[in-house]
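S.K.: the sequence isn't on hand, but the structure is:
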């Protein structure tokens, strides 16, 4: 019984005043921004310029300190207009930190073997982490294939991938059993700090909710 107001926008536009005005006039108190970085900035700036204060939620593609920190600097994100982003990785838990440490060790070792200076490491790069997870997922499939004693074919690889759930390093689980192709369904929720860290001089992504699957989310809000 929650009323929902939809507004479609042109991702190439530089002003979303009309769409934001509709949401504002309808009294929306939460805005889900299904868009990537450039349109997100446009939307948040339009909300700022109209004085529209609502809680904002966006995708993990925008879970970037650089992107969200710039919105704090511009006054588009404030205490009255906070923004939350989902994430499929979380290294703040004990398990997540241990799994991140394993990734960082692998990444640094590969870079050292390639003669890449540690100051240019990708050990903190989210895209490098995503690549590492993809590699681990592929290896998981090969291990399951071997465990089942099957020849390496696409059909058998599918069977192998459906035979056991995969734990995402620094994340939740993916289970392809019974033809399920939903991919990642467990996410955490983050927000951007409104002040820079005194020691690092950077904004920080703060964990609001740890990685949870839909069953856990419904149990929490129900």
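M.R.: Structure's in. What do you need? Since this is a predicted model, take the numbers as computed values, not measurements. Numbers count the residues shown, from 1 in each chain.
S.K.: pLDDT of the helix ranked longest in the chain, averaged?
M.R.: In the chain, ranked by residue count with DSSP state H as the criterion, the top helix is helix 126-147. Mean pLDDT, computed over helix 126-147, is 94.
S.K.: who's in contact with that helix?
M.R.: Here helix 126-147 makes contact (C-beta atoms under 8 Å, 6 or more residues apart in numbering) with 63-64, 89, 100, 103, 106-107, 122, 152, 156-157, 160-161, 163-164, 166, 168-171, 174. All C-beta spots, glycine's among them, are computed from the backbone N, C-alpha and C.
S.K.: which ones among the residues you listed are found in helices?
M.R.: The helices in this structure, assigned by DSSP H, contain 100, 103, 106, 107, 156, 157, 160, 161 from the contacts of helix 126-147.
S.K.: show me how far stretch 153-164 is from its chain's centre.
M.R.: Chain-centre distance of stretch 153-164: 27 Å, with C-alpha atoms, centre = their mean, to the nearest Å.
S.K.: so which bits of that stretch are buried?
M.R.: By 16 or more other C-beta atoms under 10 Å, the buried positions in stretch 153-164 come out as 156, 157, 160, 161, 162, 164.
S.K.: please apply the same query to stretch 103-114.
M.R.: For stretch 103-114, burial by neighbour count (16+ other C-beta under 10 Å) applies to 103, 104, 107, 111.
S.K.: list the beta-bridge partners for the closest residue to residue 205 other than its chain neighbours.
M.R.: The shortest distance from residue 205 to any non-neighbouring residue, by C-beta to C-beta, 6 or more residues apart in numbering, is to residue 190 (4.6 Å). Using DSSP bridges, the bridge partners assigned to residue 190 are residue 85, residue 207.
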